[in-house]
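J.: how does the following fold in three dimensions:
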Amino acid sequence: MASTHTRTPRGVGQGRTRPALTRRDEAILSAVASFRMIRSRDPARLLFSSASRTRAARRLRGMFRAGHLDIRLANLAEKNLHALDLPGVDRVVLSAR
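T.: Okay, the predicted model is just below:
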């Protein structure tokens, strides 16, 4: 039987829910603000243990869906580039005060 579930295209958010941000999420947003853009694998290297790459990817995806991050696609063969979206900029500015 064929599956009726269709995948969301890469770079397209499913919904704009706003989950509670953790300290690690705030650190990711600060890193993105400092570097302007980061690759998907960078937060896993900087903030998560090597066994937690899946968790890092899940947090990035959640922040993208919540509107804190924007995804820039150079091409489909490369890792995603993440940049701050407006709610992410607001969050970084508020946490800096």
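J.: for the protein, name the helix or strand with the lowest mean pLDDT.
T.: When each helix and strand of the chain is scored by mean pLDDT, DSSP states H and E, helix 86-96 comes last, with a mean of 74.
J.: so which bits of stretch 41-59 are buried?
T.: Buried residues in stretch 41-59, counted by 16 or more other Cβ atoms under 10 Å: 42-44, 47-48, 56-57, 59. Where C-beta positions appear, they are placed from N, C-alpha and C, glycine not excepted.
J.: which of these lies closest to residue 79?
T.: residue 42 (8.8 Å; Cβ to Cβ).
J.: convert the C-alpha atoms of the least confident helix or strand of the chain to PDB, please.
T.: Taking Å, rounded to 0.1, in the frame of the first residue of the first chain, the C-alpha atoms of helix 86-96 are listed here in PDB:
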ATOM      1  CA  LEU A  86      13.300  38.100  12.800                       C
ATOM      2  CA  PRO A  87      12.100  36.300  15.900                       C
ATOM      3  CA  GLY A  88      15.600  34.900  16.400                       C
ATOM      4  CA  VAL A  89      17.100  38.400  16.100                       C
ATOM      5  CA  ASP A  90      14.600  39.600  18.700                       C
ATOM      6  CA  ARG A  91      15.500  36.800  21.000                       C
ATOM      7  CA  VAL A  92      19.200  37.400  20.800                       C
ATOM      8  CA  VAL A  93      18.700  41.100  21.400                       C
ATOM      9  CA  LEU A  94      16.500  40.500  24.400                       C
ATOM     10  CA  SER A  95      18.900  38.000  25.900                       C
ATOM     11  CA  ALA A  96      21.800  40.400  25.500                       C
END
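J.: what about that helix, distance to the chain center?
T.: Taking Cα atoms, centre = their mean, to the nearest Å, one finds the center of helix 86-96 at 14 Å from the center of the full chain.
J.: give me the contact list for it.
T.: Residues from elsewhere that reach helix 86-96 (Cβ atoms under 8 Å, 6 or more residues apart in numbering): 18, 21, 26, 29-30, 32-33, 63, 66-69, 84.
J.: as TSV, those residues with pLDDT and secondary structure would be great.
T.: Shown next, in TSV, are the contacts of helix 86-96 (pLDDT from 0 to 100; DSSP: H, G, I helix; E, B strand; the rest coil):
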residue	pLDDT	secondary structure
18	63	coil
21	82	coil
26	86	helix
29	88	helix
30	87	helix
32	87	helix
33	87	helix
63	87	helix
66	86	coil
67	87	coil
68	88	coil
69	89	strand
84	88	strand
